[in-house]
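[1] sequence and predicted structure are below.
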Amino acid sequence: MAFNKDTISTILKALNLGLITGFVVGLAIAVIHIADHRLLHYSLYNLMLFDIKTIVTDYLIVFALIILALVLLDILLKRILQNSALQELDSQGSRSRIIHAVPISLVLYIVIVLICYSLYPQIVESLKNTELAEPLRTLNKSELYKYSALFILLIVTAVSFIYAVSLVLVKFGIISPVQKKLSAVTNSKLVQTLGILIVGTVLLYNGAIYGYKELNRPHGPNVILITIDTLRADHLGSYGYRRDTTPNIDKLAQKGVLYEYAYSQAPWTMPSMSSMHTSYYPTQIKIKSIKSKIHDNFITLAEFLRNNFYKTSAVISNIVVSEIFGFSQGFETYDQTPLRARDELTSHLVTDKALEYIADNRDNKFFLWLHYMDPHSNYIHHPQFNYAQDYNGLLGKNVHSGDLNKIRRSLDNADLEYIKDLYDEEISYTDMQIGRVLDSLSDYGLENNTVVIITADHGEELMDRNRFGHNKTLYQELIHVPLIIYMPSRGEARATRSKSSVEIRSLAKTIVELCGLNNNHFGGENLLLIAEEKTADTYAYSQKPIGRERYPKLEAISSGKWKLIKNIQNDTYELYDLEADPGEETNLFGSEDTDKILINGLISKSSAIEKESVVETAEVEFKEEEIEKLKALGYIQ
Ligand SMILES: [Zn+2]
C-alpha cells in the first residue's frame, strides 16, 4: 500500500505516544527492579546504571513496536473497509450478515482449536511455551501437512473473527470517539516534543554507558567457573582414582592448585550452588527445599562482577539452577538451552554454547559460569569410553538412581561395578567436553589471562550407604568435591596440593579478590592464600537443613583429617579419621581429644551462622512443565 504524507505523520504521532508510554513503564519497572535487588543498599551503582539502560531501552522498543503494529493494522482495516464493506453495510441484509459473522467465525475458530488440541496436544502445549520446533520434529511428513493445514485454518478463522468484529465496531460508531480522543493527545505539541526528547535521551544514555564501560575495562583476568553436577572427588584421576577418568581436568590440576579436602555446603544442588553464588550458608538464605529460591535482594557473585564491568554469562543444564530459582541474577546472558530430559546428554551442548560465548567475547573481560549435568543420574553408557564392556547382566544402558534404589537388594557385585562404570563414562564424557573449552582458550590466545576453576555441587552415593543418589547424608561421597584453581599468573607448572579443609562457598570471595577487586560482600576465606598457607588451617562446614525421621537434619565440620557429623534431631555425634578411615566406617566419637575441638568449632560456627541469618525468603511458583521436569529428575514426588 502507498503511504501519503498524512499517513506517515499519523504513524509518527502514534509512535511518539508509544515511546512515552514505554519510557514511563520502563522507568517504573527499573525502579522496582533496583529496589527488589537492593542495588542502592549494596552500593552497586554501576549495576543500577546498566539495568536502567537495559530495562528502559527494552520497554521503549517493545512499546514502539506494539504501537506501530496497531497503527498499521488500523490503516489496513480502514482501507479495506472503505473500498468494500462499508458501502455494502448500508443495506439491512448485509448488516445482519456482518453481525452474524462475529459468533460464526468465533465458533469456527474454537472448533479448529479443539481439533488441533485433540490431534496434537503436545504441539499445542508447546505453542504456549513458544518451543514449537522440538515436538514438530517428532511428526512424520503426512502428519506435518495435516497439522499445517489445520494451522492455516486456525489463522484464517482468527483473522475472519477480528475482521468481523472490527466491521461491527466501525459501523456502530464505537471506534471513532476513542480514536478522536487519541488523536487529540497525539496531535498535541507537548506529546510530540516529549517523544523526540525521550528518544534523544535514551540514545545519549546508551552511548554514555557504552563509553563508561569502555573507559573502565577491568584489570583482572577472565574467569571461567565450571561446576559439574554430582561429581564425587574420589572418581577423578587427580584425586587418586584407579581409573584415568579425567585426563583434561587432571592436566589443569598439574598447572594449578588442587584442594584435597574441598567440601560443598550441602549434599544437593540448590543449597550448594546458592551458597557458592552468595557465600552464605544455605540456612542463612533459607534455601531448604525445592520451593526455595535465591531472593532478589541477595548480592550474587555475578552481580558484583558485572558492577565491576565484567561481561557476565552462564550456560546451565540443570533446571535446579535455572532462572526461576534466582540463579540468573547478575548475568547479562543466561543460557538455559542445554536443559534436557534426565536421559539425554547435555555436556556437549554446554560446551558448544561456551565456545560461542568465548569466541564472541575474546576481546572483553568476562566471567563465564558453566554448569555440566551428565554425571547426574541417569547414568548413560558411552561406547567411546566403554568402561562397562565386560558386563552381561540385566541392567540397561541407561539407568536411573531412583529405579536402582527400588531393586538395590537384588543387585550383585557385577551390577554395582557396572553402575560405577556407567557413572565413570559420564564423568569422562564431561571431562572430554571440558577439554574442548580448555583447548579453545589457547586457540584464542586467552590461556595467559583466564583463570579456570573446576568444582562440583555435591557427590553421589553408589551404594556407599546402601543407596544411590544424593541429599540424604553428609558423608564424604556426598560433600567431598573436587576443587581445582588454575591461575596463569602463578607461572609455569607449579602444582600445589592443599590439605586444608576448604568450603566451596569461599569461591565468591576468592574470585573477587583474584580479580583485584575490593571485596566487601562475600564471606569465607581467600582459597589462594590458604593454598599458600598464609591463612591458618580452617574448618569446612556443611548442612543438611531439612530432615525426616529416617534421614535427619545434620551438620558437619571438618578440619584436616578429622570430621565430625552432628545429628541435630537426636543431638548425637560421629567422629571420623578420614586418613585412616576414608569410608567413615568407624565412629571414634568419645575416644579422641579431637572431639572437644571440633565440637567447639561446630558450636561457634552454628551460632555465628544463626546471628548472621538473613530473614527474607522467597518461594517459587512452578509452571506445569517445570513440575514435570523436576519430577523427572526426582526432585519432587
Ligand atoms: Zn546437583
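    Sure, I can see it.
[2] can you give me the neighbour number for residue 68?
    14 (other CB atoms under 10 Å). For glycine as for every other residue, the C-beta is placed from the backbone atoms N, C-alpha and C.
[3] go on, residue 10?
    The local packing of residue 10 (other CB under 10 Å) involves 18 other residues.
[4] and if you look at residue 569?
    Count around residue 569 with other CB under 10 Å applied: 13.
[5] wait, it touches residue 553, no?
    Yes. The pair residue 569 / residue 553 is scored as a contact, 5.5 Å apart, by CB atoms under 8 Å.
[6] now the common contact residues for these two.
    residue 547 (CB atoms under 8 Å, 6 or more residues apart in numbering).
[7] CA atoms only: put the one helix or strand residue 600 maps to into CSV for me.
    Element membership for residue 600, per DSSP states H and E: helix 594-612. C-alpha atoms of helix 594-612 as CSV (Å, rounded to 0.1, in the frame of the first residue of the first chain):
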residue,chain,number,x,y,z
THR,A,594,39.7,-34.0,68.9
ASP,A,595,36.0,-34.3,69.9
LYS,A,596,36.1,-31.2,72.0
ILE,A,597,38.0,-29.0,69.5
LEU,A,598,35.6,-29.9,66.7
ILE,A,599,32.5,-29.6,68.8
ASN,A,600,33.6,-26.2,69.9
GLY,A,601,34.3,-25.4,66.2
LEU,A,602,30.8,-26.6,65.3
ILE,A,603,29.1,-24.7,68.1
SER,A,604,30.9,-21.4,67.2
LYS,A,605,30.1,-21.9,63.5
SER,A,606,26.4,-22.7,64.2
SER,A,607,25.9,-19.7,66.5
ALA,A,608,27.7,-17.3,64.1
ILE,A,609,25.5,-18.5,61.3
GLU,A,610,22.4,-18.0,63.4
LYS,A,611,23.4,-14.5,64.3
GLU,A,612,24.1,-13.6,60.6
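[8] who in the stretch 451-600 of the chain is up against the ion?
    residue 457 (CB under 5 Å from the ion).
[9] quote the end-to-end distance of stretch 307-327.
    Taking CA to CA, to the nearest Å, stretch 307-327 runs 17 Å from one end to the other.
[10] can you give me how far that stretch is from the chain middle?
    Relative to its chain's centre, stretch 307-327 lies at 4 Å (CA atoms, centre = their mean, to the nearest Å).
[11] do that stretch and the ion meet?
    No. If you take CB under 5 Å from the ion as the test, stretch 307-327 misses the ion, and the best it gets is 6.1 Å.
[12] next, the buried residues of that stretch.
    307-322, 324-327 (16 or more other CB atoms under 10 Å).
[13] show me these that map onto helices.
    Taking DSSP state H as the definition of helices, the buried residues of stretch 307-327 contribute residue 307.
[14] give me the domain ranges for this structure.
    5-214, 217-632 (automatic domain parsing).
[15] measure the first one end to end?
    Translated: domain 5-214. The first and last residues of domain 5-214 sit 42 Å apart, counting by CA to CA.
[16] likewise for stretch 568-578?
    End-to-end for stretch 568-578, by CA to CA: 22 Å.
[17] what about it, average pLDDT?
    Averaged over stretch 568-578, pLDDT sits at 88.
[18] nearest to the ion: which residue in the protein?
    Closest approach between the chain and the ion, counting by CB to the ion: residue 269, at 3.2 Å.
[19] let me know whether that residue touches residue 317 as I believe.
    No. Residue 269 is beyond contact range of residue 317, at 11.4 Å (criterion: CB under 8 Å).
[20] shared neighbours of the two, anything?
    Shared contacts of residue 269 and residue 317, counting by CB under 8 Å, 6+ apart, come down to residue 229.
[21] contact distance from the ion - what residues of this protein qualify?
    For the chain, the residues in contact with the ion (CB under 5 Å from the ion) are 229, 269, 457.
[22] what sits against the last one?
    Pointing back at residue 457 there. Going by CB under 8 Å, 6+ apart, residue 457 touches 227-230, 264, 268-269, 272-273, 276, 481.
[23] mind redoing it with 7 Å?
    Listed by CB atoms under 7 Å, 6 or more residues apart in numbering, the contact set of residue 457 reads 227, 229, 264, 269, 272-273.
[24] excluding chain neighbours, give the residue nearest to it in space.
    Closest residue to residue 457 apart from its sequence neighbours, by CB to CB, 6 or more residues apart in numbering: residue 272 at 4.3 Å.
[25] would you tell me what helix or strand that neighbour is located in?
    In this structure, residue 272 sits in helix 269-278 according to DSSP H and E.
[26] may I have the phi/psi pair for residue 497?
    phi -120, psi 120 (degrees, to the nearest 10).
[27] quick check: beta-bridge partners of the residue nearest to residue 256 when sequence neighbours are not counted?
    Among residues not flanking residue 256 along the chain, residue 486 sits closest, at 3.5 Å (CB to CB, 6+ apart). Following DSSP bridges, residue 486 is listed with bridge partners residue 452.
[28] quick one on the thing from earlier: including pLDDT, could the residues of the chain next to the ion go into TSV?
    Output for the residues of the chain next to the ion, formatted as TSV (pLDDT from 0 to 100):
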residue	pLDDT
229	96
269	93
457	97
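[29] for the residue nearest to residue 274 when sequence neighbours are not counted, give its distance to residue 155.
    Among residues not flanking residue 274 along the chain, residue 287 sits closest, at 4.5 Å (CB to CB, 6+ apart). Distance of residue 287 to residue 155, given as CB to CB, to the nearest Å: 46 Å.
[30] what's the answer for residue 429, then?
    44 Å.
[31] of those two, who's got more company?
    Using other CB under 10 Å, the more surrounded residue of residue 429 and residue 155 is residue 429, with 21 against 11.
[32] element containing the more buried one, please.
    helix 413-443.
[33] which parts of that helix are buried?
    In helix 413-443, the ones that count as buried by 16+ other CB under 10 Å are 415-435, 437-438, 440-441.
[34] ok, now stretch 282-300?
    282-288, 290, 292-295, 297-300.
[35] ends of that stretch, how far apart?
    Taking CA to CA as the criterion, the two ends of stretch 282-300 lie 14 Å apart.
[36] now it, how far from the chain's geometric center?
    On the basis of CA atoms, centre = their mean, stretch 282-300 sits 14 Å off its chain's mean C-alpha point.
[37] repeat for stretch 497-517
    22 Å.
[38] what about that stretch, start to end distance?
    Stretch 497-517 end-to-end distance (CA to CA) = 26 Å.
[39] for the record, mean pLDDT for it?
    Rounded mean pLDDT across stretch 497-517 is 94.
[40] what comes up buried for it?
    In stretch 497-517, the ones that count as buried by 16+ other CB under 10 Å are 498, 500-515, 517.
[41] same check, this time on stretch 187-204
    Buried, per 16+ other CB under 10 Å, within stretch 187-204: 191, 194-195, 198-199, 202.
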